[in-house]
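A.B. asks: based on what follows, work out the 3D shape:
(2 chains)
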Number of protein chains: 2
Amino acid sequence: MSNVKHIPSPVPGQATAVACSNIAFIKYWGNRDHRLRLPASGSLSMNLDSLTTRTVVRFDPALEHDELILNGEPAAEAARQRVSAFLTRVRQLAGISLAARVESANNFPMGAGIASSASAFAALSLAASAAAGLRLTERDLSRLARRGSGSACRSIPGGFVEWQAGENDADSYAFSIAPAEHWELSDCVAIVSRAHKTTGSSAGHPLADSSPLHAARLAQVNENLRRCRQAILERDFDALAAVTETDCHLMHAVMMTSSPPLIYWQPGTLTVMHAVQQWRRQGLPVCYTMDAGPNVHVICEVGAESQVVARLRELPNVLDVLVAHPGGPARLAR
Amino acid sequence: MSNVKHIPSPVPGQATAVACSNIAFIKYWGNRDHRLRLPASGSLSMNLDSLTTRTVVRFDPALEHDELILNGEPAAEAARQRVSAFLTRVRQLAGISLAARVESANNFPMGAGIASSASAFAALSLAASAAAGLRLTERDLSRLARRGSGSACRSIPGGFVEWQAGENDADSYAFSIAPAEHWELSDCVAIVSRAHKTTGSSAGHPLADSSPLHAARLAQVNENLRRCRQAILERDFDALAAVTETDCHLMHAVMMTSSPPLIYWQPGTLTVMHAVQQWRRQGLPVCYTMDAGPNVHVICEVGAESQVVARLRELPNVLDVLVAHPGGPARLAR
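C.D. replies: Next comes the predicted model:
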């Protein structure tokens, strides 16, 4: 576990950071404390090197209020307010009061099951804290990112990352269990819908408690976390596949039985799920998982990647396939 | 609750019976006792008048062993043995030892989410017991049918039927809570796959116990049964829709989290689910439920039927739509 490397900013009050998205093998769904974003359980993910957010934060005395530019366009007011509330937390930590201009761009489609809020709030945490003159440890950056979007705390450290649920704000943070180089996995993301999901994760988490199945999943999750951690440390793909699909099914079972039900799957989701299960029965080491969205993250070892991508592209309902490998920690950039 | 009407058989040792399939609003999934088919919970269904099995049973001294003709063809040996074991139970009740020839025909596709085993074992129970000279009450017929296929016990009484879980073989049977005429509902069955399912219900029930979510569903089911019963008695469609979809999601959540997972849904299943939810948001009173298969039972009041059928036929992935209305009890026929 390395701390964040700090590089001097070329412009005072300004910093740029890049952070990876991540895909969870053991999911984050539901909170013990919504305000602090203390999760109902621990979770475990892999950073995705090619799915990144790049964010520039500039604190500027000339600004009257915080501004947010998302992918080149002024953001919707709800998004701007969420970022502004987050910046206020950074200002409090730094003891400053300047407004900021935030420019953030993803290199992948937003709101479609790829965790854009994870990479976005990880990049924002690092850029904003650096621009504000803070020099936070990886742990404190992860805690800060968690307040913006829970899974963002897992995009601060590099490689394979566990978020320990913790008991309070101080001990609920993520850390690397293995660096990106530990295991050459591929995440072949089958895009089956480009539509923006109707219920985002932040609105979805509070619904977990309304599912009669939520507590039953939580009773399993520590054992599944243990299995997943062991599978990663031992590079045991079959074990990783089994526990990843199990927890994916458990989380979506909780989602679809909440009030109101959240059914994130689309027809193409099932096309890919059934195909992957069939390929595995035929001997191809591959498994799937879905976040709070319809797109399917198809995981394999890098040696099977070209075959998996080719097969995915032949499936009906698959619009595109994005490929990512284990990614590093959030980093400052010029 | 009327007892079964008995009509004299024109041929000694032979009888013909017709029974409806049924669709459960509150599902049967999992057993407390697999041998006796004592269910893990009560369930509640509606008989389907146009989806029937017609079965002729003839006990014949000339036969050396039981014969089974299914839809005009000699049945597979596994099916013949299951029916033969059931006939032996009937022979024991009647004190006879003759082998029988069974001819059974469905007017709907088998093994695709329409409960063919329910109508089949209901018709077989009535035809075989009558051919053997037994004159069973509706309750005892329902208990007998339960031993052949759990949900078959709900196809013995007419209309809207509840199967009380019971404590033992004697008190686990189904009874009508309202006759078919009570409520003019339509079941518009969207056929999205004609493939035979890979895991039939009899093989699936024992897997329920392997899901970490099964007990949590069971903890809810009596309250959902109560709501469903009340919705039917009060002809409250919105309440029926809510509890029916809730329990459908709960059962499929249990299925997909068993070991191995049972994922009965196909892409077209989700096409119909999302469409029905959208139509309901637009004001059309309609809901869905799926049994252990991919096809979607789309339930509405009869006044909305033509519109629902027309909309279903326009959906991608929908191969056909079968329409059924509340059906009567299993009956003897000539």
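
A.B. asks: use CA for all of it now, contacts and neighbours both
C.D. replies: Will do.

A.B. asks: can you pull the contacts of the residue of the stretch 201-334 of chain A found nearest chain B?
C.D. replies: Across the stretch 201-334 of chain A, no residue is closer to chain B than A:Pro267, which sits at 3.9 Å (C-alpha to the nearest C-alpha). Contacts were defined as C-alpha atoms under 8 Å, 6 or more residues apart in numbering or on different chains; by that measure A:Pro267 touches A:317, B:266-271.

A.B. asks: kindly provide the distance from A:Ala130 to A:Leu124.
C.D. replies: Distance check for A:Ala130 against A:Leu124: by C-alpha to C-alpha, to the nearest Å, it reads 10 Å.

A.B. asks: out of those two, which sits in the more crowded spot?
C.D. replies: Neighbour tally, A:Ala130 and A:Leu124, criterion other C-alpha atoms under 10 Å in any protein chain shown: the higher count belongs to A:Leu124, 33 against 27.

A.B. asks: doesn't the more buried one belong to a helix?
C.D. replies: Yes. Judged by DSSP: H, G, I helix; E, B strand; the rest coil, A:Leu124 forms part of a helix.

A.B. asks: what about the residue of chain A most remote from its centre, is that helix, strand or coil?
C.D. replies: Note on chain A: the largest C-alpha distance from the chain mean falls to A:Ala62, namely 33.5 Å (C-alpha atoms, centre = their mean). Three-state secondary structure (criterion: three-state DSSP) places A:Ala62 in coil.

A.B. asks: please report how far it lies from A:Ala99.
C.D. replies: 8 Å.

A.B. asks: can you tell me how far the residue lying closest to A:Trp29 once chain neighbours are set aside sits from A:Arg101?
C.D. replies: Here the nearest residue to A:Trp29 in space, its sequence neighbours aside, is A:His205; by C-alpha to C-alpha, 6 or more residues apart in numbering or on different chains that works out to 5.8 Å. Using C-alpha to C-alpha, one gets 29 Å for the distance from A:His205 to A:Arg101.

A.B. asks: so which of these two has more stuff around it?
C.D. replies: A:His205 (23 against 19).

A.B. asks: so that one, which of the three states?
C.D. replies: With three-state DSSP as the basis, the three-state label of A:His205 is helix.

A.B. asks: what residues are up against it?
C.D. replies: If you count contacts by C-alpha under 8 Å, 6+ apart, A:His205 has them with A:29-31.

A.B. asks: between these, which is nearest A:Asp49?
C.D. replies: When the contacts of A:His205 are compared for distance to A:Asp49 (C-alpha to C-alpha), A:Trp29 comes out closest, at 23.4 Å.

A.B. asks: correct me if wrong: the closest one contacts A:Met251.
C.D. replies: Yes. Counting by C-alpha atoms under 8 Å, A:Met251 is a contact partner of A:Trp29 at 6.9 Å.

A.B. asks: neighbour count: these two, which is higher?
C.D. replies: The residue with more neighbours, out of A:Trp29 and A:Met251 and counting by other C-alpha under 10 Å, is A:Trp29; that gives 29 against 26.

A.B. asks: return the residues in contact with the more buried one.
C.D. replies: When contacts are counted by C-alpha under 8 Å, 6+ apart, A:Trp29 is found next to A:39-41, A:205, A:208, A:251.

A.B. asks: likewise A:Asn168?
C.D. replies: Taking C-alpha under 8 Å, 6+ apart as the definition, contacts of A:Asn168 comprise A:Leu38.

A.B. asks: per-residue pLDDT, it?
C.D. replies: For A:Asn168, the pLDDT comes out at 96.

A.B. asks: so it: helix, strand or coil?
C.D. replies: Local secondary structure at A:Asn168 is given as coil here, using three-state DSSP.

A.B. asks: next one: phi and psi at it?
C.D. replies: Main-chain dihedrals, A:Asn168, degrees, to the nearest 10: phi -160, psi -180.

A.B. asks: quick one: it and A:Arg80, what's the gap?
C.D. replies: For A:Asn168, the distance to A:Arg80 (C-alpha to C-alpha) stands at 27 Å.

A.B. asks: burial check on A:Gly72, number of neighbours?
C.D. replies: Neighbour tally, A:Gly72, other C-alpha under 10 Å: 10.

A.B. asks: what about the stretch 1-150 of chain A, any weak spots by pLDDT?
C.D. replies: Counting by pLDDT under 70, the ranges of the stretch 1-150 of chain A that qualify are A:1-10, A:109-115.

A.B. asks: now do the helices in it.
C.D. replies: For the stretch 1-150 of chain A, applying DSSP state H, counting those that start in this stretch gives helices covering A:77-94, A:116-131, A:138-148.

A.B. asks: next: the stretch 201-334 of chain A.
C.D. replies: A:201-204, A:214-233, A:237-256, A:267-281, A:305-314.

A.B. asks: point out the most buried one among those.
C.D. replies: Mean neighbours per residue, mean count of other C-alpha atoms under 10 Å in any protein chain shown, is largest over the helices of the stretch 201-334 of chain A for helix A:237-256, with a mean of 22.

A.B. asks: next, see if it gets close to chain B.
C.D. replies: Yes. Using C-alpha under 8 Å from any C-alpha of the partner chain as the criterion, contacts between helix A:237-256 and chain B involve A:246, A:249-250, A:252-254, A:256.

A.B. asks: pull the CA atoms of the strand ranked longest in chain A into CSV?
C.D. replies: Secondary structure assigned by DSSP state E gives strand A:43-59 as the longest strand of chain A. Coordinates of each C-alpha in strand A:43-59 appear next as CSV, following Å, rounded to 0.1, in the frame of the first residue of the first chain:
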residue,chain,number,x,y,z
SER,A,43,-16.9,-5.0,-0.8
LEU,A,44,-14.0,-6.0,-3.1
SER,A,45,-13.2,-4.7,-6.6
MET,A,46,-10.7,-4.3,-9.4
ASN,A,47,-9.7,-1.0,-10.8
LEU,A,48,-10.2,-0.7,-14.6
ASP,A,49,-7.3,0.9,-16.3
SER,A,50,-8.9,2.1,-19.5
LEU,A,51,-12.1,3.4,-18.0
THR,A,52,-11.1,6.7,-16.4
THR,A,53,-12.2,10.1,-15.3
ARG,A,54,-9.9,13.1,-15.6
THR,A,55,-10.8,16.0,-13.4
VAL,A,56,-9.4,19.5,-13.1
VAL,A,57,-10.2,21.6,-10.0
ARG,A,58,-9.4,25.3,-9.8
PHE,A,59,-10.2,27.3,-6.7
